[in-house]
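Visitor: heads up, no residue letters with this:
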């Protein structure tokens, strides 16, 4: 994929296209366009996604700079979101002196360096290292159920993506993820529909990837009661693709309690993390680019990213401990 900001011809053509679209759009807004009466007619005629167009249009109108019509750096933000270890160490050292997040942020900002965290940023660092509470007596006690070995329980879920996730397209796309309860190792794929047959094949590929990469063989899977996975009240379970796949592979099915998404909380947490790190405020040029960036993120998530739910370890570290 060529970088628009480094290709002068592509940049010139892109800006020319947007100048034309903006002129057309503003004529429609003033009621002066000879052909289009409504904005929806304009979007349809130019095969333009409204949210994508308005994002760049509003950015340009606010700044008055045509360069704001060019797409910014797209792709995952996870490579730059977290402070370097030396900066995190500054926070931890001040915490050992009893400083709270506001005091830590204020003291670090007074130093002559580029690291100027907000109080919430300081809190995130402290939480990552389990230092957000000074004493164990003040810690909130939460009941956590974590399986003792990999493969004992897997969580599976589907997630709806924004229709504008692929630039210039208005299409429905979905994600399916399988995550191991013990290690938090996860695998996900993009789906173009959410039928039970597609979900079954996608789930199989995700489970095969976890088995191939980490040796995980699931004994039990928990999923919601959506039509793509089958309901607990179904009598003919073998007639449902996903249910039949579990039966034939010897995997026990556990059903979520209705209206209690926290039953599948580990995969819900994965969706929030993925959204913050990769999907939010990002659009992609094509489905292939989205799939490629998702694969890169899974490598980062499983092999490099510390996980708060397993005491700051990386999922791959849990796999190593499990295999000892």
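Guide: Sure, I can see it. Note that the structure is predicted; figures quoted are calculated from it, not measured.
Visitor: so who does the nearest residue to residue 204 once chain neighbours are set aside touch?
Guide: Closest residue to residue 204 apart from its sequence neighbours, by Cβ to Cβ, 6 or more residues apart in numbering: residue 245 at 6.3 Å. Every residue, glycine included, has its C-beta placed from N, CA and C. Contacts here follow Cβ atoms under 8 Å, 6 or more residues apart in numbering; on that basis residue 245 touches 200, 203, 204.
Visitor: which of those residues fall in helices?
Guide: If you go by DSSP state H, the contacts of residue 245 have 200, 203, 204 in helices.
Visitor: neighbour-wise, which one of those residues leads?
Guide: Within the ones in helices among the contacts of residue 245, most neighbours by other Cβ atoms under 10 Å means residue 203, with 26 neighbours.
Visitor: got a pLDDT number for residue 146?
Guide: Per-residue pLDDT puts residue 146 at 53.
Visitor: of the ones in helices among the contacts of residue 245, just say which sits nearest to residue 130.
Guide: Nearest to residue 130 among the ones in helices among the contacts of residue 245 is residue 203, at 33.6 Å by Cβ to Cβ.
Visitor: quick one: pLDDT of the closest one?
Guide: Per-residue pLDDT puts residue 203 at 96.
Visitor: the nearest residue to residue 269 once chain neighbours are set aside and residue 315, how far apart?
Guide: Excluding the flanking residues, the one nearest residue 269 by Cβ to Cβ, 6+ apart is residue 309, at 7.1 Å. Separation of residue 309 from residue 315 (Cβ to Cβ, to the nearest Å): 10 Å.
Visitor: residue 130 and residue 306, how far apart?
Guide: From residue 130 to residue 306 the distance is 11 Å (Cβ to Cβ).
Visitor: and if you look at residue 56?
Guide: Taken as Cβ to Cβ, the span from residue 56 to residue 306 is 36 Å.
Visitor: the more surrounded of these two?
Guide: Neighbours were counted for residue 56 and for residue 306 using other Cβ under 10 Å; residue 56 has more, 17 against 14.
Visitor: just the strands in the chain please.
Guide: Taking DSSP state E, the strands of the chain run over residues 154-160, 174-180, 186-191, 220-223, 252-255.
Visitor: want to throw the contacts of residue 245 into TSV with distance to residue 283?
Guide: Converted to TSV, the contacts of residue 245 look like this (distance: Cβ to Cβ, whole Å):
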residue	distance to residue 283
200	29
203	27
204	29
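Visitor: I'd say residue 28 and residue 43 touch.
Guide: No: with contact defined as Cβ atoms under 8 Å, residue 28 does not count as touching residue 43 (9.7 Å).
Visitor: of all the strands of the chain, which lies closest to residue 113?
Guide: Per Cβ to Cβ, nearest to residue 113 of the strands of the chain: strand 186-191, 35.0 Å.
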